[in-house]
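Asker: okay, structure incoming, though there's no sequence with it:
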């Protein structure tokens, strides 16, 4: 078995990567900051047991001395697509692809360690940069971790709570809300999820931002399910306004229609609206149904241009087709092919009732779900890279996916 190796240094300092294989083969590859290198062939020994391949990373400023070993005579379990944290100094992201004849693709991406709770404090941005200028991890159907009943698996797109998502580095939240009593409850289609805007979501965000004042949280709100009005006669707009005014720290809610400057949004909640009746917040009512499209917000001066990939209905080739759409939009965002726009790229999809969201995101049998394909792709990308906002299902799998995405930004000093 041979490896086709890709090595990426996504740190701000040079490193040396030393590969040692069987038959005393040694390859030393110097990597400058934010550099990618491809090594055409590297043998993976056929001995049973023992160390067949070792990867050593050396750096003096700061000090890295990391060693990875692959064992068992060329049999590498694809579930090893996690990250290593040697002495909490660096993250080393690994991807090993499936066998193709006598070849396996292997990628190692070396990134400095940082806190997911405060990653926005490290952004190296200018005074005119906006939320559309950076790469932001998000979640699709953010509040579907609390539901139950017979259709829980087909409705569930998340397992992490709002607090856990925030701590993991998620900053863009897809909230589908419906009127239930005098509250706004998360729904997936018409199915309530037992997670509420006023009782659960906003308190968690308020507490988080009080502790992490450099961060910004974007709430993308749509009306879905529930009643047309509350028992006291309040409509969706009225209830949303009530909860946002009460649940967000004073002067920390951005609900204007124009795109805000990133530097002005520290500690703030930014409201984006997809519902037809929106009259405050960034308005995105031209959202494309089940496809990739561009559109302008109906309000604001200047109006905001959006480039959105939200294709979600697929046939039997759902893993291949969905990843193709995601990858194409990543290229569009990186090249800004749709001009100055807010690029939003959903990795989520549905094939109900045949395939549940977790099977598309993770594919627990073969580990070839969209999240794993995305992780493999990111392992081969040298930062800084602009990918826009990426809403995901189950972003905790594979481990390190969110941090790897965050590391695509230009970060100060690391």
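Answerer: Good, I have the coordinates. All of these numbers come straight from a predicted model, not from anything done at the bench.
Asker: would you point out which residue is most central in this structure?
Answerer: In the chain, the C-alpha closest to the average C-alpha coordinate belongs to residue 137, at a distance of 3.4 Å (CA atoms, centre = their mean).
Asker: just list what the host helix or strand of it packs against, helices and strands only.
Answerer: Taking DSSP states H and E as the definition, residue 137 sits inside strand 136-139. Strand 136-139 makes packing contacts with strand 172-180, strand 217-226, strand 389-392, helix 401-406 when contacts are defined by 3 or more CB pairs under 8 Å, 6 or more residues apart in numbering; DSSP states H and E. For every residue, glycine as well, the C-beta is placed using N, CA and C.
Asker: which strands and helices sit next to the second one?
Answerer: Counting contacts by 3+ CB pairs under 8 Å, 6+ apart, strand 217-226 is packed against strand 136-139, strand 172-180, strand 183-188, strand 191-196, helix 202-211, strand 269-273.
Asker: can you do 6 Å?
Answerer: strand 172-180, strand 269-273 (3 or more CB pairs under 6 Å, 6 or more residues apart in numbering; DSSP states H and E).
Asker: how about low-confidence regions in this structure?
Answerer: 1-2, 21-25, 40-53, 60-89, 98-103, 148-150 (pLDDT under 70).
Asker: where is the longest helix in it?
Answerer: In terms of residue count, the longest helix belonging to the chain (DSSP state H) is helix 318-335.
Asker: chain center to that one: distance?
Answerer: Per CA atoms, centre = their mean, to the nearest Å, the displacement of helix 318-335 from the mean C-alpha position of its chain is 14 Å.
Asker: hmm, who's touching that helix?
Answerer: With contact meaning CB atoms under 6 Å, 6 or more residues apart in numbering, helix 318-335 is reached by 309, 311, 314, 343, 345, 347, 349, 351, 370, 373, 385-388.
Asker: can I see the domain layout of this protein?
Answerer: What automatic domain parsing lists as the domains of the chain is 2-112, 117-406.
Asker: and the end-to-end length of the last one?
Answerer: Taking CA to CA, to the nearest Å, the first and last residues of domain 117-406 lie 11 Å apart.
Asker: can you check stretch 123-143 too?
Answerer: End-to-end distance (CA to CA), stretch 123-143: 27 Å.
Asker: quick check: residue 94 vs residue 251, distance?
Answerer: Using CB to CB, to the nearest Å, residue 94 is found at 44 Å from residue 251.
Asker: what about these two, which has more around it?
Answerer: Taking neighbours as other CB atoms under 10 Å, residue 94 and residue 251 compare with residue 94 leading, 22 against 8.
Asker: skipping adjacent residues, who's closest to the more buried one in space?
Answerer: Excluding the flanking residues, the one nearest residue 94 by CB to CB, 6 or more residues apart in numbering is residue 108, at 5.6 Å.
Asker: can you list contacts of the one helix or strand that neighbour maps to?
Answerer: Using DSSP H and E, residue 108 maps to strand 103-112. With CB under 6 Å, 6+ apart as the test, strand 103-112 has contacts from 2-11, 57, 90-97, 379-380, 407, 414.
Asker: just checking, which of the residues you listed belong to strands?
Answerer: 2-9, 57, 90-96 (DSSP state E).
Asker: if we can go back for a sec, out of the helices and strands packed on strand 217-226, nearest to residue 228?
Answerer: Of all the helices and strands packed on strand 217-226, it is strand 172-180 that lies closest to residue 228, at 7.1 Å by CB to CB.
Asker: tell me what the closest one is packed against?
Answerer: Using 3+ CB pairs under 6 Å, 6+ apart: strand 172-180 touches strand 183-188, strand 217-226.
Asker: list the buried ones in the shortest one?
Answerer: It stands for strand 183-188. 183-188 (16 or more other CB atoms under 10 Å).
Asker: packing partners for it?
Answerer: If you count contacts as 3+ CB pairs under 6 Å, 6+ apart, strand 183-188 packs onto strand 172-180, strand 191-196.
Asker: mind redoing it with 8 Å?
Answerer: Packed against strand 183-188 by the contact rule (3+ CB pairs under 8 Å, 6+ apart) you find strand 172-180, strand 191-196, strand 217-226, helix 236-247.
Asker: winner for burial among the ones you listed?
Answerer: Of all these, strand 172-180 has the most neighbours on average by mean count of other CB atoms under 10 Å, namely a mean of 24.
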